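Novice: Got a predicted structure plus its sequence, pasted below:
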Amino acid sequence: MSGNNNSGGSSNKINVPESKKAMEDFKYEVANEIGVPLKKGYNGDLTSAQNGYVGGYMVKKMIEAQEKKMAGDNTQE
């Protein structure tokens, strides 16, 4: 793996800074939806599987939304 993480924190980067709050809100919405007790602040008590499930489900929902948009279906669930 490359050493892109020089700050000791997350190496994830928000490509559109204006979306940072929306992405944070989305993360908590997804965690709540799938029953992962994600909270603001320290979450070291969560397993890597729980954290991975949140991230994976976020990606799934974003892909679904983009597919709907590409298909011309702009309805929201």
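Specialist: Perfect, I can see it now.

Novice: For the protein, just list every one of the helices.
Specialist: Counting by DSSP state H, the chain has helices at residues 20-34, 48-70.

Novice: Need those helices in a markdown table (columns: mean neighbour count).
Specialist: All C-beta spots, glycine's among them, are computed from the backbone N, C-alpha and C. As requested, those are exported to a markdown table (neighbours: other CB atoms under 10 Å):
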| stretch | mean neighbour count |
| --- | --- |
| helix 20-34 | 13 |
| helix 48-70 | 13 |
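
Novice: Throw those helices into a markdown table and include distance to residue 41, thanks.
Specialist: Below are those laid out as a markdown table (distance: least, CB to CB, whole Å):
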| stretch | distance to residue 41 |
| --- | --- |
| helix 20-34 | 12 |
| helix 48-70 | 14 |
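
Novice: Using JSON lines, please lay out these together with mean pLDDT and distance to residue 12.
Specialist: Below are the helices of the chain laid out as JSON lines (pLDDT from 0 to 100; distance: least, CB to CB, whole Å):
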{"stretch": "helix 20-34", "mean pLDDT": "95", "distance to residue 12": "10"}
{"stretch": "helix 48-70", "mean pLDDT": "96", "distance to residue 12": "9"}
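
Novice: Out of those, flag the one nearest residue 13.
Specialist: Residue 13 lies closest to helix 20-34 among those, at 10.5 Å (CB to CB).

Novice: Alpha carbons of the closest one, in PDB - could you do that?
Specialist: Written as PDB, here are the backbone C-alpha positions of helix 20-34 (Å, rounded to 0.1, in the frame of the first residue of the first chain):
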ATOM      1  CA  LYS A  20     -18.700  17.300   3.400                       C
ATOM      2  CA  LYS A  21     -21.700  17.900   5.700                       C
ATOM      3  CA  ALA A  22     -24.100  16.100   3.400                       C
ATOM      4  CA  MET A  23     -21.800  13.100   3.300                       C
ATOM      5  CA  GLU A  24     -21.500  13.100   7.100                       C
ATOM      6  CA  ASP A  25     -25.300  13.300   7.400                       C
ATOM      7  CA  PHE A  26     -25.600  10.500   4.800                       C
ATOM      8  CA  LYS A  27     -23.200   8.300   6.800                       C
ATOM      9  CA  TYR A  28     -25.200   8.600  10.000                       C
ATOM     10  CA  GLU A  29     -28.500   8.100   8.100                       C
ATOM     11  CA  VAL A  30     -27.200   4.900   6.500                       C
ATOM     12  CA  ALA A  31     -25.800   3.600   9.800                       C
ATOM     13  CA  ASN A  32     -29.100   4.200  11.500                       C
ATOM     14  CA  GLU A  33     -31.000   2.500   8.600                       C
ATOM     15  CA  ILE A  34     -28.900  -0.600   8.900                       C
END
